[in-house]
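Q: Make a model of this:
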Amino acid sequence: MSVDAIAAAQAAQTAAASQSAANNASSALSGNYSMFLTLLTTQLKNQDPTDPMKSAEFTQQLVQYSSVEQQIQTNKNLESLLSANIFQAANTAVGLIGKEVESYSNGSTLKDGEAKWTISIDKDAPNTTVQVLDKNGATVFSKKIDGKQGDQAYTWDGKDTSGNTMPDGSYFLQVTANDAAGQAVPSYIRTKGIVTSVDITTSNPIITVNGAQILYSDVTSVTNPSTDS
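A: Numbering: from 1, shown residues only. Just a heads-up that it's a prediction; the model follows:
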């Protein structure tokens, strides 16, 4: 089965699941329609001749039933649109396999003595520490840097705190940014890498880049990889 067929199958399953609530509500409303008419007819037959049901009251009951029916139909239409969006996201995400993407992620690949990230800081944070973690979550390198407001590139040379060369593979960056007064400053990490797999079992597909799982919605750019990637 091709990846497109898999994406279509997964999206179809998600669409069926998302429509179940509205379909169940619609079935329940249809099942109660006869009862509604019976009750309404009985109400008309047994009304007090000296104080018959006013036409406004009768109309209001019909309008209330109609409003419920219309709301259920509206929900079904909205779920159909959601299902279409899920299908489109799944197909688009599958198409990212083999592409180079930039995304909000702290995972990068150490290769040829370099692992690269982009750090974005909301304001100057002179007391900033970066930590490089291996795939097991152990800190292999730590360093204090002068965090500047905006984007700044950070490249790790692949050596741990003791100067030992670490093996190629996936590593993860953590940033703790503080201003001159020691107050925490919001920071964000972006990285580039090749998409190796896509999980389309959720409405927001999860892609794997540099060994890290990233939400499809966190991707900021997509390019064809260079020949030396």
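
Q: the domain parsing of the chain - what is it?
A: 3-94, 100-223 (automatic domain parsing).

Q: among those, which gets the worst mean confidence?
A: Sorting the domains of the chain by mean pLDDT places domain 3-94 lowest, at a mean of 59.

Q: Tell me what the closest residue to T118 other than its chain neighbours is bridged to.
A: Once flanking residues are discounted, T118 sits nearest to R190: 4.4 Å by C-beta to C-beta, 6 or more residues apart in numbering. The way it works is simple: take the backbone N, C-alpha and C, and place the C-beta from them, glycine included. Counting by DSSP bridges, R190 forms beta bridges with Y104, T118.

Q: does Q60 count as helix, strand or coil?
A: Of the three states, Q60 takes helix according to DSSP: H, G, I helix; E, B strand; the rest coil.

Q: Tell me, how many residues neighbour it?
A: 11 (other C-beta atoms under 10 Å).

Q: before we move on, what about G95?
A: Using other C-beta under 10 Å, G95 has 15 other residues around it.

Q: likewise the one 5 residues further on?
A: By the other C-beta under 10 Å criterion, the neighbourhood of E100 contains 17 residues.

Q: thinking it is in contact with T196, fair?
A: No - if you go by C-beta atoms under 8 Å, E100 and T196 don't touch, sitting 11.4 Å apart.

Q: neighbouring contacts of stretch 163-181?
A: Stretch 163-181 has contacts (C-beta atoms under 8 Å, 6 or more residues apart in numbering) with 106-111, 113, 115, 117, 119, 121, 123-135, 140, 147, 154, 156, 158-160, 184-187, 189, 191, 210-212.

Q: Just the buried residues of these.
A: 106-110, 115, 117, 119, 121, 125, 127-128, 130, 132-134, 140, 147, 154, 156, 158, 185, 187, 189, 191, 210, 212 (16 or more other C-beta atoms under 10 Å).

Q: Helices of the chain, start to end?
A: Secondary structure of the chain (DSSP state H): helices at 3-45, 55-94.

Q: In strands, which of the buried ones among the contacts of stretch 163-181 appear?
A: Counting by DSSP state E, those place 107-110, 115, 117, 119, 121, 125, 127-128, 130, 132-133, 140, 147, 154, 156, 187, 189, 191, 212 in strands.

Q: Just give me the neighbour total for the residue nearest to V219 when sequence neighbours are not counted.
A: When the adjacent residues along the chain are set aside, V219 lies closest to S103, with 4.6 Å between them (C-beta to C-beta, 6+ apart). As a burial measure, S103 scores 24 neighbours (other C-beta under 10 Å).

Q: Can you give me the distance of S103 to I194?
A: 12 Å (C-beta to C-beta, to the nearest Å).

Q: for T38, same thing?
A: For T38 relative to I194 (C-beta to C-beta), the value is 65 Å.

Q: okay, the two: which has more neighbours?
A: Each of T38 and I194 has its neighbours counted (other C-beta under 10 Å); I194 has more, 16 against 10.

Q: Next up, the contacts around T202.
A: Contacts of T202 (C-beta under 8 Å, 6+ apart): none.

Q: all numbers from here: first residue = 40
A: With 40 as the first residue, the last one maps to T241.

Q: State the phi and psi torsions of it.
A: Backbone geometry at T241, expressed as degrees, to the nearest 10, gives phi -120, psi 160.

Q: next one: N203
A: The phi/psi pair for N203 (degrees, to the nearest 10) is phi -80, psi 140.

Q: what does D161 give?
A: According to degrees, to the nearest 10, D161 has phi -70, psi -40.

Q: what does D196 give?
A: Torsion angles, degrees, to the nearest 10, at D196: phi -90, psi 10.

Q: Fine, thanks again, bye for now.
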